[in-house]
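Undergrad: got a sequence here, can you build the structure:
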Amino acid sequence: MDHSEIEPLFTRGDGAFVFARWGRPMAPVVFGVQEETLSVVKGAIEAVSNLAGLEVVETDPELGSNFMWFFFSEWDELPEVPGLDGLVPDLVPLVARLKAADANQYRVFRFDEAEAIKCCFVFLRMDQHLSDVPAETLALSQVVQSVLLWSDVAFRDRSPLAVAGDVTVLRPEIGALIRAAYDPVLPGASMDKTHALRLAARVGVAQ
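TA: Numbering: from 1, shown residues only. Okay, the predicted model is just below:
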């Protein structure tokens with residue numbers, strides 16, 4: 001991938017370039033699934049975090065858990081989760097917008113003083129469409145879309161995943177970009193489009 005392919009992945013619909021990666025280890029917790037699905041989610045988190053060189057821990061010292069997954073049937077269930085409205089600003093209006101859009105997934109990021117990711121909430125309303133997606137595919141897709149602050153339109157036309165035989169895998173160029181994005185020499189966040197050039201210079205090495 002060269003910079004002309006990388007830059008759009010972090011250029012939002014309003015034209016702003018915004019890049020951010022995790023600035024601390026992930027401390028995940030998953031709500032609303034059975035044990036077999038929980039193990040699938042944990043496996044996807046481990047696979048992507050290993051690719052990025054990002055540590056996964058039991059507890060975040062500031063937040064307890066900083067990578068929270070919620071599986072549910074209806075958006076109206078979210079405001080009923082104790083304390084969630086204190087973690088997600090304007091939760092009730094957000095739920096109203098998501099209901100109006102008939103959305104089945106949404107991610108909320110929070111950032112530290114350096115604008116790196118410090119927390120991510122993954123909301124999955126298990127409608128018929130998501131229920132038909134294999135658990136491994138759904139989990140991997142969500143982790144990939146949570147490990148970096150991609151553009152809101154980055155994967156609108158093409159998934160970050162691909163099918164190899166009977167197995168769903170991360171597209172190699174996206175895997176190489178994730179690995180490059182976590183080069184310790186690079187900053188944890190950038191709003192400068194030239195950051196795409198720095199990423200491109202490292203993608204070739206990562207591949």
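
Undergrad: which residue ranges of this structure form helices?
TA: Using DSSP state H, the helices of the chain run over 3-6, 35-52, 84-87, 91-100, 128-132, 135-147, 172-181, 195-206.

Undergrad: okay, buried residues for the fourth one please.
TA: Within helix 91-100, the residues that qualify as buried by neighbour count (16 or more other C-beta atoms under 10 Å) are 91, 94-95, 98. For glycine as for every other residue, the C-beta is placed from the backbone atoms N, C-alpha and C.

Undergrad: walk me through the domains of the chain.
TA: 1-21+151-207, 22-147 (automatic domain parsing).

Undergrad: out of those domains, which gets the lowest mean score?
TA: The minimum mean pLDDT among these belongs to domain 1-21+151-207 (a mean of 92).

Undergrad: residues contacting the one residue sitting closest to the centre of the chain?
TA: Nearest to the geometric centre of the chain sits Ser146, at 0.9 Å (C-alpha atoms, centre = their mean). With contacts defined as C-beta atoms under 8 Å, 6 or more residues apart in numbering, the neighbours of Ser146 are 67, 107, 120, 122.

Undergrad: which residues touch stretch 64-78?
TA: Everything outside stretch 64-78 that qualifies as a contact, by C-beta under 8 Å, 6+ apart, is 24, 26-33, 37, 41, 45, 59-60, 81, 84, 87, 91, 95, 98-99, 103, 118-126, 142, 146.

Undergrad: can you tell me which of the residues you listed are buried?
TA: For the contacts of stretch 64-78, buried by 16+ other C-beta under 10 Å: 24, 26-28, 30, 33, 37, 41, 45, 60, 81, 84, 91, 95, 98, 118-126, 142, 146.

Undergrad: contacting residues around Ala47?
TA: By C-beta under 8 Å, 6+ apart, Ala47 lies in contact with 140, 143.

Undergrad: oh, that last question was meant for Val122, not what I typed.
TA: With C-beta under 8 Å, 6+ apart, Val122 has these contacts: 67-70, 105, 107, 142, 146.

Undergrad: inside strands: which ones of these?
TA: 67-70, 105, 107 (DSSP state E).

Undergrad: quick check: closest non-adjacent residue to Asp183.
TA: Take Asp183 and drop its neighbours on the chain: the residue closest to it by C-beta to C-beta, 6 or more residues apart in numbering is Arg202, 5.3 Å away.

Undergrad: what of Phe71?
TA: In space, Phe71 is closest to Gly32, 3.6 Å off (C-beta to C-beta, 6+ apart).

Undergrad: done for today, thanks.
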